[in-house]
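Participant: My questions are about this predicted structure, shown below with the sequence.
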Amino acid sequence: MMLGQRVRQFGEKLVRRRPLEPRNESEIPTPHLNSFDLVVFGVNRTLRAGVYILAGAVAVYVTGPAIIISFLVAGLFALLSGFYFAEFGARVPCCGSVYLYSYVTMGQLHAFITGWNIILHFVLATAYLTRAWSYTFDSLIGNHISQVLEGTFSEHMPSFLAPYPDFVALALVLLMAGLLILGVHVTARVTKVSTGINALVLSFIIISGFIKGDLHNWQLTEQDYKLAASGSSDSYSLGPLGSGGFVPFGFEGILRGAAVPFYSFFGLNAIVTTGKETPNPQRSIPWSIGIFISICFLAYSGVSAALTLMVPYYQIHPYNPLPQAFHHVGWAPAGYFVAVVILCALFYSLLVVMLTMSRLICAMAEDGLLFRGLGKIYARRGTPIVAILVSAILSGIMAVLFEIHHLVELLSVGVLLAYFLVAFSVLVLRYQPDQSFSKKEKVEEETEMEPIVEGNPSPSVPEAGTSNPLKSLCNPISTTPTLKSGQIVYGCAFLLVLLLTILSLLLALWPSRVFSGDPGFTAGAVLLLLLIMWITVIIWRQPQNPSPLHFRVLSLPVFPLISIFVNIYLIIQMTTGTWAQFGIWNAVGFAIYFGYGIRHSLEEKSDQNPPASNFHTFDEHTSSAKSC
């Protein structure tokens, strides 16, 4: 019994939810935004440096010209995921981050996994941006830095790392850390100027691509590849040919290409976190997300089309694609101009990403899930100096050692996992009884319940539907969620994740054997589908919570299951090396959580060491903390 009690207490710690501090009426934001404002917020946080860099590496190694289709697939499923973010945020009466929403609604372990992988996202984004800045700067001065470093270190670097350590990227990370420690912030005026310049340059790139492009570059053959190889003095500049044509790497390449740019649409979280400030969120949020995804798709696909039209995809420079493309078509001045703009855009994005990463680390440290020393604030400047230094060290190591395409793949795994966790959360939360997120309301409920428990020693009435477990699965008596029906949904959701993972592995590893009629594989896939359909029906039969929200996703549980399946399938598309790195990162995270965080969390130490600031309510895509 002692062992069972300890196991139960341990499980309760994992799912303990964080109560929100009560707010005064004056602190509640007045609705003043419209759909256009939300779209501007999302686009401003998305169309930054990635649009200039991402298409190169993906087109060369993964998709070829079919990168346009990959962006379409990624955009459609990012749109679906955006709706889950909207309902997830609608459940918390407070502006904040996905980490905060997870802690308030799903519990401590879910919040740690979410926050830890968002930290990975920011670490990799910083490394990716600094590495791209280094490549672009090096191209402006004739590639002298890369030639010297590669000649010195290439023989001593393992094959799974970059050909040479990028010390320019490391220096840039340290420079940005110094600026943040000094208290540098991104002003609204700088943001507006950066957005305007981005829009003009992107329009120029897309128009130039259609003017100087050649449709033959979407119909390349092996003869074209041999001709390019014979006329090229730099064999490294030629990527693989594939099968030629518009889709040289097949359907598998399109799916892998869709998995890689998923992080490009992560700015939709900005729409969710600001959507509460609109008069009609149920209408404004879906319209804003739809328009935002459309704009981002047009921008990314337009740049990708221009790039693959100007340069054969196997000749695209994977890390400095656009300036090299303009040099390839004879527009060298335009290439230098675009390179300078990219350097400015990368610098701006890097400042915002590193600031946001330090805020998240500081927030998790204040909640006790990471070491509390990381949350210390430098009093004179008001900056989390330790969090900034730690984030700079992590990012600097990644930037020095890894190539851009490795960073982007690992970056996308973290974003896909975040989308998966949000879809899973929406699925199970819709079927749970009413939850109180306010600390004041929870105290009042406990006070009201105490005399009832003490004054009524008689046994409690069993919950309706508990006498017949099978009947409660498919035909529950209660029309509102109960504790038992919520537990049924939790169990079914976890079982569905397991079955969908097995199905994704079958489809990813042995697709030809599944669809060719192989008795074992085909029967296994059909059996998995039948089990998935049966469990889905069980979830569908459970009562949903009728509590009003300012946004609710339609067609539960079907749409969340589709999103969960797609995210799992796209994650499986990643390489073994990416999976190994992702596993190491999360193994370190779990060691920190179970060794430190679970014993020092906010709830465990709330009386002795209350949080000193309000960083836990920051928006992951803004440059400053928000107070709820």
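Facilitator: Arrived safely.
Participant: residues in contact with residue 135?
Facilitator: 146, 319-320, 404 (Cβ atoms under 8 Å, 6 or more residues apart in numbering). For the C-beta atoms, the positions are set from N, CA and C on the backbone; glycine is no exception.
Participant: could you redo the last one with a cut-off of 6 Å?
Facilitator: Neighbouring residues of residue 135 by Cβ atoms under 6 Å, 6 or more residues apart in numbering: 319-320.
Participant: Could you shift the numbering so residue one becomes 4, and keep it that way?
Facilitator: Got it, first residue is 4 now, which makes that one residue 138.
Participant: following the helix or strand harbouring it, which helix or strand comes up?
Facilitator: Using DSSP states H and E, residue 138 maps to helix 111-143. Going down the chain from helix 111-143, the next helix or strand is helix 147-156, by DSSP H and E.
Participant: where do the helices sit along the stretch 4-153 of the chain?
Facilitator: 5-17, 38-47, 53-61, 70-93, 101-108, 111-143, 147-156 (DSSP state H, counting those that start in this stretch).
Participant: Buried ones in the helix or strand that residue 396 is a member of, by neighbour count?
Facilitator: Using DSSP H and E, residue 396 maps to helix 388-404. Neighbour-count burial for helix 388-404, with 16 or more other Cβ atoms under 10 Å as criterion, is recorded at 388-395, 397-399, 401-404.
Participant: Show me which of those is closest to residue 159.
Facilitator: residue 404 (12.5 Å; Cβ to Cβ).
Participant: Pull the contacting residues for the closest one.
Facilitator: So residue 404 contacts residue 164 (Cβ under 6 Å, 6+ apart).
Participant: What's the separation between it and residue 138?
Facilitator: 15 Å (Cβ to Cβ, to the nearest Å).
Participant: swap in residue 170?
Facilitator: From residue 170 to residue 138 the distance is 13 Å (Cβ to Cβ).
Participant: before we move on, what about residue 245?
Facilitator: From residue 245 to residue 138 the distance is 24 Å (Cβ to Cβ).
Participant: Can you pull the domain assignment for this structure?
Facilitator: Annotated domains of the chain cover 35-225+245-427, 472-605 [the TED database].
Participant: Including mean pLDDT and distance to residue 22, could the ones you listed go into a markdown table?
Facilitator: A markdown table is the format used below for the domains of the chain (pLDDT from 0 to 100; distance: least, Cβ to Cβ, whole Å):
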| stretch | mean pLDDT | distance to residue 22 |
| --- | --- | --- |
| domain 35-225+245-427 | 85 | 8 |
| domain 472-605 | 87 | 10 |
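Participant: Phi first, then psi, for residue 554.
Facilitator: Here is the backbone geometry of residue 554 (degrees, to the nearest 10): phi -150, psi 130.
Participant: and it, what is it in contact with?
Facilitator: Residue 554 neighbours (Cβ under 6 Å, 6+ apart): 89-90, 93, 284-285, 288.
Participant: Which members of the residues you listed are classed as buried?
Facilitator: 89-90, 93, 284, 288.
Participant: Among these, which one lies nearest to residue 211?
Facilitator: Nearest to residue 211 among the buried ones among the contacts of residue 554, with distances taken as Cβ to Cβ, is residue 288, at 35.4 Å.
Participant: Quick one: classify the closest one as helix, strand or coil.
Facilitator: helix (DSSP: H, G, I helix; E, B strand; the rest coil).
Participant: can you check the one 3 residues further on too?
Facilitator: Here residue 291 is helix, with the state taken from three-state DSSP.
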